[in-house]
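Q: 3D model of this:
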Amino acid sequence: MIRPVLVLAASEFQEGLRNRWVVSAVLLLATLAFSLALLGSSPIGETRASTLNVTTVSLASLSVYLIPLIALMLTYDSIIGERERGTLLLLLTYPITRGQVILGKFLGHFAIIALALVIGYGTTGIYLATTGDTLPIDWVLFLSMLSTSLMLGSVFLGAGYLISVCVSSRATAAGIAISTWLFVVVIYDLLLLGVVLVDSEHSISADMFSLILLFNPADVYRLFNLAGSEAASLVSGSLGTLDSSMLSTGVLITALALWIALPLLSSIWVFKRLEL
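A: Prediction:
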């Protein structure tokens, strides 16, 4: 059962490595990450935060915009593109189910994002380790940011497959993918800010506000990496840690995991019922 999934994943990974856009994304991540590391190591005054902590928060702020976009661009035409080229019917003639097709593509694209993050952010971490003093807790925060960045990318991989199985053309899929990215990382928070500003009677409680934030995976990622620890809060300027609220780190990780499963399982469900 697992062999067809792994074969398809390897094929998607190899195809991705030949894609100039993927290579450009890796180089972009590496360049921006290294630039942020250099800026974070510049002496700008006394601070209790290490250079690695400053860079980790900066990379988290960068990732919330770039990782979802990269994931959506990898997957928005993964199904509809093969339908238009006529290769999807050929693929399904092999002993592989539609669910295995989605899972195989997911593993292959996940490996591409993991490679991009390891090269882009890993080299930056190595540079900082050789040029400055770091503590074990600093590396815990860095690895937490790296892990949740992979989770954030997985969320939008699933979203890309869901878009791809629900549309009838690549152009439509591209438009919906860009609109999804724009809404999740920009417009959602602007709308939420507008609601809070006009809520003169304070009808939105703190718990309700926290619950609303959980409906956006980008906000979940932001909260975990920018306010999920004392060191991160110190660097990012947030109001403190989340340990005393309903948005604990455990809740945030669980929410990200659910956000990974929801679009991925939905795309499999829709794809199984799609008439080709």
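
Q: so how far is the longest helix out of those in the chain off the chain centroid?
A: Using DSSP state H to assign secondary structure, the helix with the most residues in the chain is helix 136-166. What separates the centre of helix 136-166 from the centre of its chain is 4 Å, taken as Cα atoms, centre = their mean, to the nearest Å.

Q: average pLDDT for it?
A: Per-residue confidence for helix 136-166 averages out to 92 on the pLDDT scale.

Q: any stretches of the stretch 1-150 of the chain with poor pLDDT?
A: Segments of the stretch 1-150 of the chain classed as low confidence (criterion: pLDDT under 70) are 1, 40-50, 132-133.

Q: helices of that one, residue ranges please.
A: Counting by DSSP state H, counting those that start in this stretch, the stretch 1-150 of the chain has helices at residues 2-17, 20-40, 51-75, 80-85, 87-92, 98-117, 123-131, 136-166.

Q: export these as a markdown table, with columns for mean neighbour count.
A: Every residue, glycine included, has its C-beta placed from N, CA and C. Formatted as a markdown table, the entries for those read as follows, by neighbours: other Cβ atoms under 10 Å:
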| stretch | mean neighbour count |
| --- | --- |
| helix 2-17 | 16 |
| helix 20-40 | 17 |
| helix 51-75 | 23 |
| helix 80-85 | 16 |
| helix 87-92 | 13 |
| helix 98-117 | 22 |
| helix 123-131 | 16 |
| helix 136-166 | 22 |
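
Q: export these to a markdown table and tack on distance to residue 272?
A: As requested, the helices of the stretch 1-150 of the chain are arranged in a markdown table below (distance: least, Cβ to Cβ, whole Å):
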| stretch | distance to residue 272 |
| --- | --- |
| helix 2-17 | 15 |
| helix 20-40 | 28 |
| helix 51-75 | 18 |
| helix 80-85 | 15 |
| helix 87-92 | 11 |
| helix 98-117 | 5 |
| helix 123-131 | 41 |
| helix 136-166 | 9 |
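
Q: quick one: which of those is nearest residue 253?
A: Between residue 253 and the helices of the stretch 1-150 of the chain, the shortest separation by Cβ to Cβ is 7.7 Å, and it involves helix 136-166.

Q: counting contacts, what elements does the closest one pack onto?
A: In terms of contacts (3 or more Cβ pairs under 8 Å, 6 or more residues apart in numbering; DSSP states H and E), helix 136-166 is packed against helix 51-75, helix 80-85, helix 98-117, helix 170-182, helix 217-227, helix 230-236, helix 249-272.

Q: from what I see, residue 214 and residue 255 are in contact.
A: Yes. Residue 214 sits in contact with residue 255 when judged by Cβ atoms under 8 Å, with a separation of 5.0 Å.

Q: quick check: the residue of the chain positioned farthest from its centre vs residue 195, distance?
A: Computed with Cα atoms, centre = their mean, the residue of the chain farthest from its C-alpha average is residue 201, at 35.5 Å. Here residue 201 is placed at a distance of 12 Å from residue 195 (Cβ to Cβ, to the nearest Å).

Q: one more: residue 252?
A: Using Cβ to Cβ, residue 252 is found at 22 Å from residue 195.

Q: what about those two, which has more around it?
A: Summary of the neighbour comparison: residue 252 and residue 195, criterion other Cβ atoms under 10 Å, with residue 252 having more neighbours (23 against 13).

Q: surely that one meets residue 220?
A: Yes. With contact defined as Cβ under 8 Å, residue 252 counts as touching residue 220 (5.3 Å).

Q: in contact with residue 219, which residues?
A: With contacts defined as Cβ atoms under 8 Å, 6 or more residues apart in numbering, residue 219 is in contact with 188, 189, 213.

Q: which of those residues fall within helices?
A: If you go by DSSP H, these have 188, 189, 213 in helices.

Q: from the residues you listed, list the buried ones, please.
A: 188, 213 (16 or more other Cβ atoms under 10 Å).

Q: how close does the closest residue in space to residue 125 that isn't next to it in sequence sit to residue 175?
A: Spatially, and ignoring its direct neighbours in sequence, residue 125 is nearest to residue 142 (5.8 Å; Cβ to Cβ, 6 or more residues apart in numbering). Residue 142 sits 36 Å away from residue 175, going by Cβ to Cβ.
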